[in-house]
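**Student:** Return atomic coordinates for the entry below.
(chains A and B)
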Protein chains: 2
Amino acid sequence: MSDTAPRSAYAPTRRTVPTRGRKRATYDRALVHAILDEGYVCHLGFVRDGAPVVLPTLYARVGERLYVHGSTGSRPLRAAGSSGDAGLPVCLTVTHLDGLVLARSAFHHSVNYRSVVVHGTARQVTDPAERAVALDALVDQAVPGRSADTRRSDAWESAATAVVALELEEVSAKVRTGGPNDEPEDLELPHWSGVVPVRQVLGPLVPADDLAPGIPVPDYLAAL
Amino acid sequence: MSDTAPRSAYAPTRRTVPTRGRKRATYDRALVHAILDEGYVCHLGFVRDGAPVVLPTLYARVGERLYVHGSTGSRPLRAAGSSGDAGLPVCLTVTHLDGLVLARSAFHHSVNYRSVVVHGTARQVTDPAERAVALDALVDQAVPGRSADTRRSDAWESAATAVVALELEEVSAKVRTGGPNDEPEDLELPHWSGVVPVRQVLGPLVPADDLAPGIPVPDYLAAL
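**Tutor:** Numbering: from 1, shown residues only, chains lettered A, B, ... in the order given. Sure, this is the predicted structure:
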């Protein structure tokens, strides 16, 4: 890790260096971005009354910053705001499952996956210009190009939406690829062994029941 | 919720009743089980040094109990063990993304999903019989029927594997289905609106490079 140029990798910290599976850990910035950009839902962890809470939520990446939004009434977003400049300590995790790895031995069963874990402090976004960028990014994370083809939020809707930002500073990724790693003495066992690939597919599109007639499927959707 | 028979639903608690989106929350036991049984990877949250940590990990359900396993060297599993009878407070979340919901307004963009959030205390499993059940379940959660077609863990492998259990007691699910919920005055806007379905698909199988010749694909895999 120490031979990686600072620009191209996140600096490892005590909590981003795993105790196990270190060889699967990476701090490569481009890889982290790619994993994040492929996802829709993250799992956002925070502490409430001393206990952990993990909620699924949409997110978007803009440069070296992630945005999460939600109702101004939601508990974590309220906490990020009410804590003022201190913000809310969070852990944001994105995981893609790529395959079920079936080894001869139960012990070596595994999964192929790519995950990113971000530690940091979520702060509420109040600047109107940054909020607008974040809200567009949250729509475009799901479908690139979509935000330009919507009615943007009006003042009431914007006021009802909390947006929090999390810097990409303390970040690590983990990746497992390939087939099973069986023990040499197990290779002749009569159990089928290999990988069941897992992937996420989109479509076909389901138009809204009340879609006005004559509205074509836009190019940015047809490309999905 | 109060009119639901106790046997068929989990009792809501202060932290399983959301502050927002209550109409999407459910405590139905059969639905919770179905969501859990369809998943492979959960996101496990715990508190370390006062800060939240969220890690993806495999899990399995056996009745009203979830099992998670890992290396005995992994931090959360070590914490669940070293804390003795007290166990480790955790939040375990499983999410299935079912669709991207594209409304005319940015504000009403959403996703269809099914999620389960379990709050509780993870305790280390030390009883050999329960450990054997859990380790089989963890293999069968990925591919039902697979555990019987593996070499079970030997004493060394078993000793290297930590297993923790989490009771399904404080549990809630959230589900969103259907199309966009646009404002009436937005229905005539010229933006395509509807749902981009998202689903996870398996296969085709990739045999291990070193798979011994003559081993057929077992029925439980062909059925996937």
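
**Student:** only C-alpha atoms for contact and neighbour calcs from this point on.
**Tutor:** Will do.

**Student:** Give the other helices and strands that the helix or strand harbouring residue A:116 contacts.
**Tutor:** Following DSSP states H and E, one finds residue A:116 within strand A:110-124. Contact here means 3 or more Cα pairs under 8 Å, 6 or more residues apart in numbering or on different chains; DSSP states H and E; on that basis strand A:110-124 packs against helix A:29-37, helix A:75-82, strand A:88-102, strand A:161-167, strand A:170-176, strand B:51-62.

**Student:** Excluding covalently adjacent residues, which one is nearest to the residue nearest the centre of chain A?
**Tutor:** In chain A, the residue lying closest to the centroid (Cα atoms, centre = their mean) is residue A:94, at 3.3 Å. Counting by Cα to Cα, 6 or more residues apart in numbering or on different chains, residue A:94 lies nearest to residue A:42, which is 4.8 Å off, once chain neighbours are set aside.

**Student:** CA atoms only for the strand holding residue A:116 - export them in CSV, please.
**Tutor:** C-alpha atoms of strand A:110-124 as CSV (Å, rounded to 0.1, in the frame of the first residue of the first chain):
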residue,chain,number,x,y,z
SER,A,110,-17.5,-18.2,-0.3
VAL,A,111,-19.0,-15.5,-2.5
ASN,A,112,-17.5,-13.3,-5.1
TYR,A,113,-18.3,-9.7,-4.3
ARG,A,114,-17.2,-6.1,-4.5
SER,A,115,-17.8,-3.8,-1.5
VAL,A,116,-16.9,-0.4,-0.4
VAL,A,117,-17.0,0.8,3.2
VAL,A,118,-16.9,4.5,4.0
HIS,A,119,-16.3,5.8,7.5
GLY,A,120,-16.9,9.4,8.3
THR,A,121,-19.2,12.1,9.6
ALA,A,122,-22.4,13.0,7.7
ARG,A,123,-23.1,16.7,7.7
GLN,A,124,-26.3,18.3,6.6
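
**Student:** what's the average pLDDT for it?
**Tutor:** Per-residue pLDDT values across strand A:110-124 average out to 97.

**Student:** Next, the angle strand A:170-176 makes with it.
**Tutor:** Put simply, strand A:110-124 runs at 160 degrees to strand A:170-176, going by axes from the mean of the first three to the mean of the last three Cα atoms, to 10 degrees.

**Student:** Beyond strand A:110-124, next helix or strand please.
**Tutor:** helix A:128-142.

**Student:** got the buried residues for that next one?
**Tutor:** Using 16 or more other Cα atoms under 10 Å in any protein chain shown as the burial criterion, the residues of helix A:128-142 that qualify are A:131, A:134, A:135, A:136, A:137, A:138, A:139, A:140, A:141, A:142.

**Student:** tell me what the worst-scoring helix or strand of chain A on mean pLDDT is packed against?
**Tutor:** Using mean pLDDT, DSSP states H and E, helix A:75-82 stands out as the lowest-scoring helix or strand of chain A, at a mean of 70. Counting contacts by 3+ Cα pairs under 8 Å, 6+ apart, helix A:75-82 packs against strand A:65-71, strand A:88-102, strand A:110-124, strand A:161-167.

**Student:** Return the list of strands paired to the first one, each annotated with direction.
**Tutor:** The one in question is strand A:65-71. strand A:51-62 (antiparallel), strand A:161-167 (antiparallel) (DSSP bridges).
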